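K.L.:
My questions concern the predicted model and sequence given below.
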Amino acid sequence: MKKFEWQEGLKEKIDALCAIFPPVIKDRWKNRLIYNTEKLAAYEGLTVVTDDLFWRSVTEVFPGGYEPLILKVKDPQKLKTTMLSSRDQESMEPGKEPVTITRWSQSVGSTTDVPPGKKILAVNSSARKGGNTDIILDEIVRSCKENGATVEKIYLSDLNIKQCTGCRACRKGDVKTICALKDDMIPFYDKLYEADGFIAGFPIYTARENGIMATFMDRWDCFSNPFLTRKMPEGKKGLIVCSWMWPNATAYDDVVEKMVILFRLHHILTTDVLVVTGARGKKHGKGVVKHHPAILNTAYETGVDFLKSL
Ligand SMILES: Cc1cc2nc3c(=O)[nH]c(=O)nc-3n(C[C@H](O)[C@H](O)[C@H](O)COP(=O)(O)O)c2cc1C
């Protein structure tokens with residue numbers, strides 16, 4: 001096996017990065033970091049692990065949401081400034097908040113015509129009505145409606161959505177109501193079957209989708225019932241809106257990508273994603289996007305392009 005020389009002090013940085021992890025997982029992370037760093041060095045034909053290579057490897061290994069942990073070791077001053085600015089939210093002037101929007105689609109500004117008579121179903125899993133996810137969804141809904149679509153928007157927090165009990169009725173035979181539980185998901189399944197486009201908005205809570213969204217998505221597992229006669233129709237398109245506080249615009253890409261894959265498993269092809277980041281300001285950043293016309297405009301245009309993709 002090839003031996004790599006590590007620049008002085010770098011192995012200690014691995015210890016510092018992993019200091020927060022309890023023993024049961026600490027060595028897993030250390031090994032991952034060492035393995036990935038040396039793999040990267042080998043790929044680049046290096047025999048010495050340099051500072052630059054090491055930090056590149058760290059950002060590859062840790063999910064984006066671990067950025068504060070990385071900064072704590074790499075650049076404590078930057079962490080302090082970032083954290084302090086987030087604590088001082090009440091003094092932020094409306095319109096001066098550091099909020100940004102990132103659009104993932106490759107086909108922005110599509111020149112195709114808007115198809116007539118399309119049905120769109122939109123859900124928001126944030127219980128914060130008038131929050132950032134909500135405002136962005138409303139702009140998308142407005143653009144779809146103004147361009148001829150029929151749109152229904154639902155707050156998941158208003159519905160009675162029971163938690164999946166794991167009864168597995170949906171693996172034992174056909175279930176006419178899709179899921180054996182009796183609650184507001186039953187009419188929701190009907191709406192989803194009829195929709196051409198599905199829009200899902202959710203905020204990041206504790207580095208993952210918020211709990212309401214997770215409970216809601218568990219209830220989609222019954223679509224995989226092998227005995228189900230009412231299969232999910234093919235050809236539906238999806239659009240995802242996700243909002244978080246941390247300023248890094250890629251911090252929770254892993255969470256959003258998992259949602260894209262989950263929709264794909266249920267035959268919904270996500271064509272675009274809008275990510276709202278750095279959502280800080282008065283009232284913990286509630287609804288700050290409304291002070292930012294360019295962000296609202298991006299949401300509106302995304303809605304039109306989404307409609308064109310149907
Ligand atoms: C319980 C809770 C946990 C949160 N966890 C995170 C987090 O891990 N990372 C982050 O960047 N923001 C986090 N936030 C901030 C929200 O993601 C942010 O305020 C978002 O804009 C909320 O969207 P909404 O206004 O549409 O509900 C959290 C907020 C709450 C209430």
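P.N.:
Received the coordinates, thanks. Numbers count the residues shown, from 1 in each chain.
K.L.:
Relative to the ligand, how far out is R56?
P.N.:
23 Å (C-beta to the nearest ligand atom, to the nearest Å). In this view, the C-beta of every residue, glycine as well, is placed from N, C-alpha and C.
K.L.:
For that residue, give me its contacts.
P.N.:
L40 (C-beta atoms under 8 Å, 6 or more residues apart in numbering).
K.L.:
hang on, it is in a strand, isn't it?
P.N.:
No: per DSSP: H, G, I helix; E, B strand; the rest coil, R56 lies outside any strand segment and is helix.
K.L.:
What residues does the residue lying closest to H292 once chain neighbours are set aside make contact with?
P.N.:
Leaving aside its chain neighbours, H292 sits nearest to V99 (6.2 Å; criterion: C-beta to C-beta, 6 or more residues apart in numbering). Contacts of V99 were listed using C-beta under 8 Å, 6+ apart, and they are N132, V276, T277, G278, A279, R280, G281, G285, V288, V289, H292, I295.
K.L.:
same question, E67
P.N.:
Contacts of E67 (C-beta under 8 Å, 6+ apart): W246, N248, A251.
K.L.:
Please, where are all the strands along this structure?
P.N.:
5-6, 48-49, 100-103, 119-124, 150-155, 197-205, 208-209, 236-243, 268-277 (DSSP state E).
K.L.:
what's the closest of those strands to T111?
P.N.:
strand 268-277 (15.5 Å; C-beta to C-beta).
K.L.:
The ligand contacts on the stretch 1-150 of the chain?
P.N.:
With C-beta under 6 Å from any ligand atom as the criterion, the stretch 1-150 of the chain meets the ligand at residues S126, R128, G131, N132, T133, D134.
K.L.:
Now flag whichever of these is closest to the ligand.
P.N.:
G131 (2.4 Å; C-beta to the nearest ligand atom).
K.L.:
these two touch, right, the closest one and W244?
P.N.:
No: look at G131 against W244 with C-beta atoms under 8 Å: they stay out of range, at 11.6 Å.
K.L.:
one step back: and which of the contacts of V99 is nearest to V61?
P.N.:
Distances from V61 to these, taken by C-beta to C-beta, are shortest for T277, at 21.7 Å.
K.L.:
who wins for neighbours among the residues of the stretch 1-150 of the chain next to the ligand?
P.N.:
Counting neighbours by other C-beta atoms under 10 Å, N132 leads those with 29 neighbours.
K.L.:
ok so, going back, got a quick PyMOL command for the buried subset of the contacts of V99?
P.N.:
Entered in PyMOL, the line below selects the buried ones among those, by 16 or more other C-beta atoms under 10 Å:
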select buried, resi 132+276+277+278+279+280+281+285+288+289+292+295
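K.L.:
Nearest to the ligand, out of the contacts of V99: which one, please.
P.N.:
A279 (3.5 Å).
K.L.:
which ones are touching that closest one?
P.N.:
Contacts of A279 (C-beta under 8 Å, 6+ apart): E97, V99, N132, S243, W244, M245, G285, V288, V289.
K.L.:
Mind picking the two most distant members of the residues you listed?
P.N.:
E97 and W244 (13.5 Å).
K.L.:
so what pLDDT did the nearest residue to L156 once chain neighbours are set aside get?
P.N.:
Leaving aside its sequence neighbours, L156 sits nearest to S125 (C-beta to C-beta, 6+ apart; 4.7 Å). pLDDT, S125: 98.
K.L.:
What is the neighbour count of S125?
P.N.:
24.
K.L.:
That one and Q77: what is the separation?
P.N.:
Using C-beta to C-beta, to the nearest Å, we find S125 at a distance of 36 Å from Q77.
K.L.:
residues in the stretch 201-310 of the chain within reach of the ligand, list them.
P.N.:
Contact residues (C-beta under 6 Å from any ligand atom) of the stretch 201-310 of the chain with the ligand: 203-207, 243-246, 279, 284-286.
K.L.:
again, 5 Å this time
P.N.:
When proximity is defined as C-beta under 5 Å from any ligand atom, the stretch 201-310 of the chain approaches the ligand at P203, I204, Y205, T206, A207, S243, W244, M245, W246, A279.
K.L.:
Surely the third one touches G211?
P.N.:
Yes: using C-beta under 8 Å, Y205 is in contact with G211, at 6.8 Å.
K.L.:
what bits of the stretch 1-150 of the chain have low per-residue confidence?
P.N.:
1-2, 84-86 (pLDDT under 70).
K.L.:
any chance you could map the helices in it?
P.N.:
10-18, 23-43, 51-61, 67-74, 76-87, 132-146 (DSSP state H, counting those that start in this stretch).
K.L.:
between the first one and helix 23-43, how many degrees?
P.N.:
In this case it means helix 10-18. Interaxial angle of helix 10-18 relative to helix 23-43 (axes from the mean of the first three to the mean of the last three C-alpha atoms, to 10 degrees): 140 degrees.
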